[in-house]
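*Asks:* here are the coordinates; sequence isn't available:
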């Protein structure tokens, strides 16, 4: 490590964030590789080291003998101050080398409020933040993750975006970059070729025109780029690259455990849920593959907890046989199993019985809405009877507390719907005290509320977002409706949600807003201690942008959306039909019961893996 770096580490909080040297990190001889890749996570070390996508791609790139991937995290403000004062550029943790000298820089965009950190990291690296000002072939700056589905607000800063699954696409990009370096191609020539890799979107190859009312008139592909870019998927998760070990952090992280993916996608079709539609079709891993991956990672890392990762763990087709396999060795080695994202309508007694002996934390269930009418609007397909029945089952098996997720500001929400959230909390508390065999300690219900943010590629992508004033009213009403001190409530910040809403459905005109906010000092916007709505308001005003145009306006179905030239396999006609059904409070059965014709099967050669779930269950 550079001696200048060693000196400043004595002046910062948690210096282990910046030293590298962890168990299982990958060190290579840089003279023996063709491509050096900096995987940048635009948040703190503790958040980034918990990210499964980063772990997968780090291991995948390093499995190639011709490439070396290093990790880079956003320096905390105290470290940034020291780096700038001592002229230390942003560096890779493994080598300590400046990332401006690497061949590729990749950002994981999982949350819109990390955008200013991306600009800050590029600047700390000694690079121009705008793509047009970086004229050499390397380093190519790319980005992927959930936010890539509407990349336009970051289109001036990123050279190319990766839409969808990255495991196969990443290798294709590295192969092309390696070939382009050898042939001496220019950056423009490389990007033209990259635009024809399935799943790759190059924003500089598309021209956007606007109408007088500030809506988009047209988005036109240029220089031979495809008119529409479709996301990439990996069809077979059993043959897909999967890490056999993880880098073990030197300090405690947000998720200090082994994380193993069990399946991708979701068949439920909740109309607010972007992850559901971005990740279709559903693809399972076999229990044998999951079990082997979990055992390998535990053996090589020393973790004593396994988290089974998916959008809904209890929906995994083979959850029972998988848990049987895992418990055959995990119990002996005192390793705990956790199942995040459980469904209230799919928590059978045998599952509760199986996990109760190893589950450390409370159970978390997503109810989303306080009345049956509103749950039908969002297509949650969960009844109050199922919610209370699931809670009762959990209490019988030894849990004394549950955490419930709800949203405020959903389309068509009324005051009665808000009051319904408090009522469900009270009913669950009553259920606890009326359950025979429950624990003798006091029961507790923790209600966590986020503000609804309409997202691209969902049936609600045309809907308006509740204003900060409306959300403040709803929060106050809910607190007034609580009947017990054993029910606690946590809210998200309405102004943070407003900014998220603007950026999540924004167009290219927001690039200047993001740049202005960053220049005014905005970084770590997702952290309460650093978020400044005043600075963001000034940035919007400076650029003549009204945030309500993006967040609080209902769009017509005929409007050209900023992501209209991109596809995640879900047809716009299906999304429109679902939004109209929402306003009639009509539900749509999940894919396993009846195919709704969303179009995701076309991504997989006409095969809909959601229906394969049903066949597998019939055969088992």
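*Replies:* Sure, I can see it. Fair warning: this is a prediction, and the values are worked out from it, not measured in the lab. Numbering: from 1, shown residues only.
*Asks:* Pull up the gap between residue 281 and residue 464, please.
*Replies:* Distance, residue 281 to residue 464, by C-beta to C-beta, to the nearest Å: 30 Å. Placement of C-beta: from N, CA and C, glycine included.
*Asks:* and these two? which has more neighbours close in?
*Replies:* Neighbours were counted for residue 281 and for residue 464 using other C-beta atoms under 10 Å; residue 281 has more, 25 against 16.
*Asks:* My assumption is that the more buried one lies in a strand; please confirm.
*Replies:* No: going by DSSP: H, G, I helix; E, B strand; the rest coil, the assignment for residue 281 is coil, not a strand.
*Asks:* you'd agree it is up against residue 237?
*Replies:* No: counting by C-beta atoms under 8 Å, residue 281 sits too far from residue 237 to count as a contact (11.6 Å).
*Asks:* For residue 560, grab phi and psi.
*Replies:* phi -80, psi 120 (degrees, to the nearest 10).
*Asks:* cool, and the one 4 residues further on?
*Replies:* Recorded main-chain torsions at residue 564 are phi -60, psi -20, according to degrees, to the nearest 10.
*Asks:* Would you enumerate the residues in contact with it?
*Replies:* Residue 564 sits next to 216, 219 when contact means C-beta atoms under 8 Å, 6 or more residues apart in numbering.
*Asks:* Check it and give its pLDDT.
*Replies:* Per-residue confidence at residue 564 stands at 98 (pLDDT).
*Asks:* Relative to residue 542, how far out is it?
*Replies:* Counting by C-beta to C-beta - residue 564 and residue 542 are separated by 28 Å.
*Asks:* Over to residue 268?
*Replies:* 42 Å.
*Asks:* same question, residue 185
*Replies:* Residue 185 is 38 Å from residue 542, by C-beta to C-beta.
*Asks:* What of residue 138?
*Replies:* For residue 138, the distance to residue 542 - C-beta to C-beta - is 33 Å.
*Asks:* Neighbours of residue 383, how many?
*Replies:* Using other C-beta under 10 Å, residue 383 has 14 neighbouring residues.
*Asks:* same check, this time on residue 333
*Replies:* The burial count for residue 333: 10, using other C-beta under 10 Å.
*Asks:* ok, now which ones touch it?
*Replies:* Here residue 333 is in contact with 298, 304 (C-beta under 8 Å, 6+ apart).
*Asks:* For it, what are phi and psi?
*Replies:* According to degrees, to the nearest 10, the main-chain angles of residue 333 amount to phi -90, psi 10.
*Asks:* Can you list the buried residues in the longest helix that the chain contains?
*Replies:* Identified as the longest helix of the chain according to DSSP state H is helix 415-433. In terms of neighbour count (16 or more other C-beta atoms under 10 Å), helix 415-433 has its buried residues at 417-426, 428-429, 431-432.
*Asks:* Next secondary structure element downstream of it?
*Replies:* Sequence order places strand 444-451 as the next helix or strand after helix 415-433, per DSSP states H and E.
*Asks:* Name every strand pairing with that next one and say which way it goes.
*Replies:* Next to strand 444-451 in the sheet, as set by DSSP bridges, lie strand 401-408 (parallel), strand 487-491 (parallel).
*Asks:* how far out from the middle of the chain is the first one?
*Replies:* Average the C-alpha atoms of strand 401-408, do the same for its chain, and the two points are 19 Å apart (C-alpha atoms, centre = their mean, to the nearest Å).
*Asks:* Give me the contacts around it.
*Replies:* Here strand 401-408 makes contact (C-beta under 8 Å, 6+ apart) with 272, 362-370, 391, 394, 418, 421, 424-425, 428, 443-452, 466, 471, 474-475, 478, 491.
*Asks:* same check, this time on the shortest one
*Replies:* Defining contact as C-beta under 8 Å, 6+ apart, one finds that strand 487-491 is touched by 408, 422, 425-426, 429, 444-449, 451, 475, 478-479, 482.
*Asks:* That one versus helix 415-433: what angle between them?
*Replies:* Comparing the axes of strand 487-491 and helix 415-433 via axes from the mean of the first three to the mean of the last three C-alpha atoms, to 10 degrees yields an angle of 140 degrees.
*Asks:* and what of the first one?
*Replies:* Per the same axes, to 10 degrees, the angle that strand 401-408 makes with helix 415-433 is 170 degrees.
*Asks:* Spatially nearest residue to residue 107 (excluding sequence neighbours)?
*Replies:* residue 143 (4.3 Å; C-beta to C-beta, 6 or more residues apart in numbering).
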